[in-house]
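Novice: next one to model:
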Amino acid sequence: MATDAHTEGSGLSFHPMDQFIVKPIFGGDEFSWYTPTNATLWMAIGILAVVALLVLPTARRALVPTRGQSIAELAYVFVHKMIEDVTGKDGLKYFPYIMTLFMFIVISNFLGLIPMAFTPTSHVAVTGVLALAVFLTVTVLGFVLNGTKFLGLFWVASAPLALRPILAIIELISYFVRPITHSVRLGGNMMAGHAVIKVFAGFAQVAAVSPIAIAGVVAIYGLEVMVAFIQAYVFTILTCVYLKDALHPSH
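Specialist: Sure, this is the predicted structure:
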């Protein structure tokens, strides 16, 4: 749903939510699940960017790394250390999945900052699929590795006996809410920031407030650069926390 903003007398009219509309690439108003859209286009660009950033620079590794190889190694070490710090060495075998998840999200976030680009991670339909995949993966993994002992995640043995059933219900609810909070946190932050930039850019058309609006755009854009990385980091580290619960379910 588009949000309109109109200032009488200035001729100002802009729609900050229009940038999130999913449209067919080749025009038209009707499309099916297989129709190429701006969302699928920019997700594909994001995947190609990940390959260009990680695979191509490291294809011919050198003792003295190039800039591309240094960036790829820095990303590798960053995610590797995150997984090891949160889950321990047991979680390192799942490094490829978490590394892929982090790189796709962070690249998609940054690509969305390009003017006229589309931000796939601003849609809960995208972040919801990523979050649901994490939820199902760690849940299945928890039962496969621990059997019924995985249910110990919901039973707080250190609490007084009378409180344990109540705490178990709370833990169960919070567990099944994870995909919602996991996805909405990322999608909501990306959408809000981009909408604010569009609002300030709209007010830049008014001569009286254009210097302030332009300064606001620059400030918010700088903030969004940090948010793009931070939200990818938060999504990934929460994935590591959930993975830790699957590997070591007991409280």
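
Novice: identify each buried residue in stretch 188-204, please.
Specialist: 189-191, 193-204 (16 or more other CB atoms under 10 Å). In short, each C-beta sits where N, CA and C put it, glycine included.

Novice: for residue 248, state which of those residues is nearest.
Specialist: residue 189 (29.4 Å; CB to CB).

Novice: can you pull the contacts of that closest one?
Specialist: 227, 231 (CB atoms under 8 Å, 6 or more residues apart in numbering).

Novice: in what helix or strand does it lie?
Specialist: Assessed by DSSP states H and E, residue 189 sits inside helix 164-203.

Novice: can you check residue 205 too?
Specialist: Short version, using DSSP H and E: residue 205 is in no helix or strand.

Novice: burial measure for it, as a count.
Specialist: Applying other CB atoms under 10 Å, we find 15 residues neighbouring residue 205.

Novice: ditto for the one 4 residues further on
Specialist: Applying other CB under 10 Å, we find 15 residues neighbouring residue 209.

Novice: thought residue 201 was touching residue 213?
Specialist: Yes. Assessed by CB atoms under 8 Å, residue 201 is found in contact with residue 213 at 7.3 Å.

Novice: can you pull out the helices in the stretch 1-150 of the chain?
Specialist: Taking DSSP state H, counting those that start in this stretch to define them, one finds helices in the stretch 1-150 of the chain at 38-50, 56-58, 67-87, 95-111, 124-146.

Novice: only the buried residues of the second one, if you could.
Specialist: By neighbour count with 16+ other CB under 10 Å, helix 56-58 contains the buried residues 57, 58.

Novice: what sits closest to residue 83 if chain neighbours are left out?
Specialist: residue 91 (5.0 Å; CB to CB, 6 or more residues apart in numbering).

Novice: any chance of the helices of the stretch 1-150 of the chain in a markdown table, plus mean pLDDT and distance to residue 229?
Specialist: Formatted as a markdown table, these follow (pLDDT from 0 to 100; distance: least, CB to CB, whole Å):
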| stretch | mean pLDDT | distance to residue 229 |
| --- | --- | --- |
| helix 38-50 | 93 | 15 |
| helix 56-58 | 86 | 20 |
| helix 67-87 | 93 | 10 |
| helix 95-111 | 96 | 6 |
| helix 124-146 | 94 | 16 |
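
Novice: can those helices go into a markdown table with extra columns for distance to residue 235?
Specialist: Formatted as a markdown table, these follow (distance: least, CB to CB, whole Å):
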| stretch | distance to residue 235 |
| --- | --- |
| helix 38-50 | 14 |
| helix 56-58 | 24 |
| helix 67-87 | 12 |
| helix 95-111 | 6 |
| helix 124-146 | 8 |
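
Novice: so which of those is the most packed in?
Specialist: helix 95-111 (a mean of 20; mean count of other CB atoms under 10 Å).

Novice: pLDDT wise, what is the closest residue to residue 123 other than its chain neighbours at?
Specialist: Excluding its sequence neighbours, the residue lying closest to residue 123 (CB to CB, 6+ apart) is residue 187, at 6.1 Å. You'll see residue 187 listed with a pLDDT of 93.

Novice: do residue 210 as well
Specialist: 79.

Novice: show the pLDDT at the closest residue in space to it that isn't next to it in sequence.
Specialist: Spatial nearest neighbour of residue 210, chain neighbours left out: residue 204 (4.9 Å); criterion: CB to CB, 6+ apart. Listed pLDDT for residue 204 reads 75.
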